[in-house]
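Chemist: Could you look at this predicted model? Sequence included:
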2 protein chains.
Amino acid sequence: MKTLRLELGARSYPIHIGRDLLARADLYGPHLDGRQVLVVSNETVAPLYLDQVLGALAGYDVHAVVLPDGERFKTMQTLSRVLDAAMDNRLARDATVVALGGGVIGDIAGFAAACYQRGVRYLQVPTTLLAQVDSSVGGKTAVNHPGGKNMIGAFHQPACVIADTGVLATLPERELAAGLAEVVKYGLIRDPDFFDWIERNVNALRGRDAQALAYAVEQSCRNKALLVSEDERESAARALLNFGHTFGHAIEAGLGFGTWLHGEAVAAGMCMASDLSVRLGWLDGATQQRIRDLVARLGLPTAAPGVVSSAQMLELMGMDKKVRAGRMRLILLRAIGDAVVSDNFDRAALDATLDQCREAR
Amino acid sequence: MKTLRLELGARSYPIHIGRDLLARADLYGPHLDGRQVLVVSNETVAPLYLDQVLGALAGYDVHAVVLPDGERFKTMQTLSRVLDAAMDNRLARDATVVALGGGVIGDIAGFAAACYQRGVRYLQVPTTLLAQVDSSVGGKTAVNHPGGKNMIGAFHQPACVIADTGVLATLPERELAAGLAEVVKYGLIRDPDFFDWIERNVNALRGRDAQALAYAVEQSCRNKALLVSEDERESAARALLNFGHTFGHAIEAGLGFGTWLHGEAVAAGMCMASDLSVRLGWLDGATQQRIRDLVARLGLPTAAPGVVSSAQMLELMGMDKKVRAGRMRLILLRAIGDAVVSDNFDRAALDATLDQCREAR
């Protein structure tokens, strides 16, 4: 097991990464406040792993709520189900929420913990690659609004992240690839050596080589933890983590949440942001091709789905949380490992990217 | 106009108190971030005061959402209406929410501002005495759950409080009295001179003497601002502000939200907490009588409604946010101006208070 630490003063916390961690009582115990625990999971994950977690929590007053699986359930209605479960089980403010699942579960359970009694503790126990490398770390919690991804939420840091890389063995192929999109993101925005490493290890990663996956999780969390420590509430550096996400969120909302996985949409979004960077003269075409090739080799889309029109993409992108003073801001690339936030881009170039980077209908 | 300041480091803010403030553009302007503003009000307040506020915001991109009036609408469903309005009007993260109304509007609008795009600015423009003396100050926001008052919410400080005491002229009698309950609370928990002043000014307050009401608002806000500055997230001193509230919240939930006004329930709750303090030997009977007399002279209830049973009260009190390690904690009195948080009380004494302090059915 490796343990990284996200440094945020009094709200610092450990990120444990390794095999066979789910059932380790010693990892949970130090972070539980009172005796009451509410485990939040979903119908896919609970049959596989809930028992192990309940075993680790033996001796506590534990309740579980099992939600339907999928991004389309990341709604205020599902949030209410978690809050109802907290009330029904008479959870007090010293209770702890445990999020056992992928990014959707982590985001909903974390937001429920943020607002139940104005804030209780929670632990992230991510079971997808995407959640292990990205969403479980950093304290962003949210549900979707039909008009936009993650529009309703809170910054609420977990007390601990327990990333059991052993569970990646049961992850569906498509989910694994989606997680790799966020891994590539860290290489692109700040870690060129890591990008090189991913290029060299595509087969090991897709083949679920345990050591390769563990290193991918560790290096991703290290990058994320550093950015979040610098800028918890995204006034500057943290925004780089949104590389490909303004395009990606628009794809997710435009198709209807859950049609494409978040990581798939981000993969296409990163290729689109690279395309725009080339059109603006910031990035060279050979590097763009290198990025597209890697994304494609990982089994991920390199363009937006044909059924979402450019006009719809543009309107949805306008609802992005990075919009300021009416201006859209995007993360663009100057080189692999060198990203910037900019609102200084040509509208015609963006239109060209939206028109050109799309799959045939 | 008087201006107090709530000191909270980078989140400090002014509390403006005086007549004819609603329409003063100079009070809003410095606290607006971008150009977009969403005014949240209700069907009672909007016809009276919305135009003045819109006038003060001339030149901004202003939208308004008008909610039904009453505590029974302080729900997740109504919260969603505000969030939908924010989305429909494409509010960006640099938009500002303005809460124009009583405590219910302030709590819902503030919570919406806390979670829309993970947090946008908001201004409190309280139009009831209760909101001016208590709920608009201090950053507690929430909606109710059917099982408990204010169970879902956030700590989110406003950027400014604009308390126009002129609007108290249109306040219904019952709302005025309810607000006075919280005024009395400050005297009881930490300001014996203020308690004496209230006793001497009952007629002026109930007669809406402008100077008396302005002083009551000012001195209440001064007391509240000091306690919140000391302890924003209620780990210690701030809990004293809950004097009478554990009993009061149980009354509100037991009757169904909106049957009794919050201030009415708190008035009865303060008398019950005083009764328990006497039973425990902490407070003398003469002081208890003095408290009951003042509450009664203000036109407020001094006991719980007969229709809520002692058992129901006890169960609802067990859902209080102050419960820790399974133990209920109550605010009790040693003298006027001297309150303490305690979980060290005799259960039989509490039962006696619940049985004795109730109106005939």
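Modeler: Nice, thanks for sending it over.
Chemist: my guess is A:Ala225 contacts A:Ile15, does it?
Modeler: Yes: with contact defined as CB atoms under 8 Å, A:Ala225 counts as touching A:Ile15 (6.7 Å). Backbone N, C-alpha and C define where each C-beta goes, glycine included.
Chemist: which residue ranges form the helices in the stretch 251-361 of chain A?
Modeler: Secondary structure of the stretch 251-361 of chain A (DSSP state H, counting those that start in this stretch): helices at A:262-279, A:285-297, A:310-317, A:347-356.
Chemist: closest to chain B out of these?
Modeler: Chain B sits nearest to helix A:310-317 of all these, at 9.2 Å, using CB to the nearest CB.
Chemist: so where's the stretch 251-361 of chain A shaky on pLDDT?
Modeler: Residue ranges of the stretch 251-361 of chain A with pLDDT under 70: A:361.
Chemist: Pull up the residues of the stretch 151-300 of chain A that are close to chain B.
Modeler: By CB under 8 Å from any CB of the partner chain, the residues of the stretch 151-300 of chain A that approach chain B are A:Met151, A:Ile152, A:Gly153, A:Ala154, A:Phe155, A:Arg233.
Chemist: quick revisit: quick one, which of the helices of the stretch 251-361 of chain A is nearest to B:Ala86?
Modeler: Each of the helices of the stretch 251-361 of chain A has some distance to B:Ala86 by CB to CB; the shortest is helix A:310-317, at 15.8 Å.
Chemist: ok, longest helix in chain A?
Modeler: In chain A, assigned by DSSP state H, the helix with the most residues is helix A:210-230.
Chemist: Quick one, which of the residues of the stretch 151-300 of chain A next to chain B are buried?
Modeler: Restricting these to buried positions leaves A:Met151, A:Ile152, A:Gly153, A:Ala154, A:Phe155, with burial counted as 16 or more other CB atoms under 10 Å in any protein chain shown.
Chemist: Including secondary structure and pLDDT, could these go into JSON lines?
Modeler: Output for those, formatted as JSON lines (DSSP: H, G, I helix; E, B strand; the rest coil; pLDDT from 0 to 100):
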{"residue": "A:Met151", "secondary structure": "strand", "pLDDT": "97"}
{"residue": "A:Ile152", "secondary structure": "strand", "pLDDT": "98"}
{"residue": "A:Gly153", "secondary structure": "strand", "pLDDT": "98"}
{"residue": "A:Ala154", "secondary structure": "strand", "pLDDT": "98"}
{"residue": "A:Phe155", "secondary structure": "strand", "pLDDT": "98"}
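Chemist: Break chain A into its domains for me.
Modeler: Following automatic domain parsing, chain A resolves into domains at A:2-170, A:173-356.
Chemist: tell me the contacts of A:Asp191?
Modeler: Residues near A:Asp191 by CB atoms under 8 Å, 6 or more residues apart in numbering or on different chains: A:Gln219, A:Asn223, A:Gly337.
Chemist: Excluding chain neighbours, what is closest to the residue nearest the centre of chain A?
Modeler: In chain A, the centroid-proximal residue (CA atoms, centre = their mean) is A:Ser135; its distance is 3.2 Å. Leaving out its chain neighbours, the residue that sits closest to A:Ser135 by CB to CB, 6 or more residues apart in numbering or on different chains is A:Gly103, at 3.8 Å.
Chemist: any idea how far chain B is from the one you found?
Modeler: Distance from A:Gly103 to chain B, counting by CB to the nearest CB, to the nearest Å: 16 Å.
Chemist: about what we covered before: what residues sit buried inside the longest helix of chain A?
Modeler: In helix A:210-230, counting by 16+ other CB under 10 Å, buried: A:212-229.
Chemist: swap in stretch A:314-330?
Modeler: Buried residues in stretch A:314-330, counted by 16+ other CB under 10 Å: A:Leu316, A:Met317, A:Gly318, A:Met319, A:Asp320, A:Lys321, A:Lys322, A:Val323, A:Met328, A:Arg329, A:Leu330.
Chemist: now swap in stretch A:53-67 and tell me
Modeler: Under the neighbour-count criterion of 16+ other CB under 10 Å, stretch A:53-67 has A:Val53, A:Leu54, A:Ala56, A:Leu57, A:Tyr60, A:Val62, A:His63, A:Ala64, A:Val65, A:Val66, A:Leu67 buried.
Chemist: Keeping just the C-alphas, turn that stretch into PDB.
Modeler: C-alpha atoms of stretch A:53-67 as PDB (Å, rounded to 0.1, in the frame of the first residue of the first chain):
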ATOM      1  CA  VAL A  53     -16.900  -2.900   3.700                       C
ATOM      2  CA  LEU A  54     -19.500  -3.900   6.200                       C
ATOM      3  CA  GLY A  55     -17.000  -6.400   7.600                       C
ATOM      4  CA  ALA A  56     -14.400  -3.700   8.100                       C
ATOM      5  CA  LEU A  57     -17.000  -1.600   9.900                       C
ATOM      6  CA  ALA A  58     -18.100  -4.400  12.300                       C
ATOM      7  CA  GLY A  59     -18.900  -2.900  15.700                       C
ATOM      8  CA  TYR A  60     -20.300   0.300  14.300                       C
ATOM      9  CA  ASP A  61     -23.900   1.200  13.900                       C
ATOM     10  CA  VAL A  62     -24.000   0.800  10.100                       C
ATOM     11  CA  HIS A  63     -26.700   1.300   7.600                       C
ATOM     12  CA  ALA A  64     -26.500   1.100   3.800                       C
ATOM     13  CA  VAL A  65     -28.400   2.700   1.000                       C
ATOM     14  CA  VAL A  66     -28.200   1.100  -2.500                       C
ATOM     15  CA  LEU A  67     -28.900   3.400  -5.400                       C
END
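Chemist: Chain A: strands as residue ranges?
Modeler: For chain A, the strands defined by DSSP state E cover A:2-6, A:13-18, A:36-42, A:61-67, A:96-101, A:121-126, A:140-145, A:148-155, A:160-164, A:330-335, A:338-342.
Chemist: partner strands of the third one, parallel or antiparallel?
Modeler: When you say that, I think you mean strand A:36-42. Sheet partners assigned to strand A:36-42 using DSSP bridges are listed as strand A:61-67 (parallel), strand A:96-101 (parallel).
Chemist: again, but for the second one
Modeler: The pairing partners recorded for strand A:13-18 under DSSP bridges are strand A:2-6 (antiparallel), strand A:160-164 (parallel).
Chemist: Now do the first one against helix A:210-230, angle only.
Modeler: Right, the one you point to is strand A:2-6. Counting by axes from the mean of the first three to the mean of the last three CA atoms, to 10 degrees, strand A:2-6 lies at 20 degrees to helix A:210-230.
Chemist: With the last one instead?
Modeler: Per the same axes, to 10 degrees, the angle that strand A:160-164 makes with helix A:210-230 is 160 degrees.
Chemist: for A:Ala112, what are its contacts?
Modeler: With CB under 8 Å, 6+ apart, A:Ala112 has these contacts: A:Val40, A:Leu79, A:Val82, A:Leu83, A:Ala86, A:Val97.
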